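Colleague: model this:
(chains A and B)
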Amino acid sequence: AQTVTQSQPEMSVQEAETVTLSCTYDTSESNYYLFWYKQPPSRQMILVIRQEAYKQQNATENRFSVNFQKAAKSFSLKISDSQLGDTAMYFCAFMAYQTGANNLFFGTGTRLTVIP
Amino acid sequence: KAGVTQTPRYLIKTRGQQVTLSCSPISGHRSVSWYQQTPGQGLQFLFEYFSETQRNKGNFPGRFSGRQFSNSRSEMNVSTLELGDSALYLCASSSRSYEQYFGPGTRLTVT
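Modeller: You can find the predicted model right below:
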C-alpha cells in the first residue's frame, strides 16, 4: 500500500518570497510518478508539477520546482516569487507506474497563504 | 480544448435516496477516475474507467457504482445515501501521460 504524508497543515509566506512545502511517501514500488496539485478556494484541482521516479533531474515549471530525493522518499515543492494567486491547498500525490492502475494517492494537504 | 466538466455542480439529497453524477472528460481522453473529498477522510479514490470498463476500484461499499459510455463520458451512482456520503466528488480524465486533469467537482449534501 502507498502512503503520502504532508506534515505541514498550514504555512504562510510573504508575497515575492520563497516557500517550500514538504512531502514524504512510502511505497514498495520501484516505478512511479509524483505530483503536486493545487486546490484554490474555487475547489478546482490544478496540476502544478509532475516527477517521474526514474528521472534524476528535478522537475521545474516556471516558479515551481521540486526536490526529489528517491532514497529518502521525499518530494518537496518550492514556490519562488510567491504571488497572491498561489494561496490554496496544496496536495502531494503518488501514482504507481502500472498499466491499469491509474489512481492517485493523496496526502492530507498543506494550506498555503500568501500575505501581501 | 475544453476542460473536464461535471454536472450538477451542487446537489442536495435526503438519506435513503440515490444520486447520479456526470462527468465529461477532455476530448480524446479515454480514462476517467472518480474521487471523494471530505474534511475527515481527505481525497480518496473511488474507481477508474477506461474504454467503458472499470479498470480499478477503491475501497468503497457497493452502494457506489459507475459506468462509462462509448463517448468516454462517465457517471457515478450512489444508492441508499447516508449522511457520511456528503462530500465533494471530483472527476479526472487522462490520456496516456498519467497526468490527471480534474473537473470542478459536484458538491453533494445529504440531509
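Colleague: residue 31: what's it in contact with?
Modeller: Picked chain A for this. By C-beta atoms under 8 Å, 6 or more residues apart in numbering or on different chains, the residues touching A:N31 are A:53-54, A:96-97. C-beta coordinates here come from the backbone N, C-alpha and C atoms, glycine included.
Colleague: not what I meant, chain B
Modeller: A:102, B:25, B:48-50, B:55, B:93-95.
Colleague: A:R43 now?
Modeller: Residues near A:R43 by C-beta under 8 Å, 6+ apart: B:88, B:104-105, B:107.
Colleague: how about stretch B:73-86 as CSV, C-alpha atoms only?
Modeller: This file holds the C-alpha atoms of stretch B:73-86, laid out as CSV (Å, rounded to 0.1, in the frame of the first residue of the first chain):
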residue,chain,number,x,y,z
ARG,B,73,-18.5,10.3,-20.6
SER,B,74,-18.9,8.7,-17.2
GLU,B,75,-21.5,8.6,-14.5
MET,B,76,-21.3,7.6,-10.9
ASN,B,77,-24.2,6.5,-8.8
VAL,B,78,-24.6,6.3,-5.1
SER,B,79,-27.6,4.4,-3.8
THR,B,80,-29.2,4.5,-0.4
LEU,B,81,-27.5,7.7,0.6
GLU,B,82,-26.1,8.1,4.0
LEU,B,83,-25.1,11.4,5.8
GLY,B,84,-21.5,10.4,5.5
ASP,B,85,-21.7,10.5,1.7
SER,B,86,-21.8,14.3,1.9
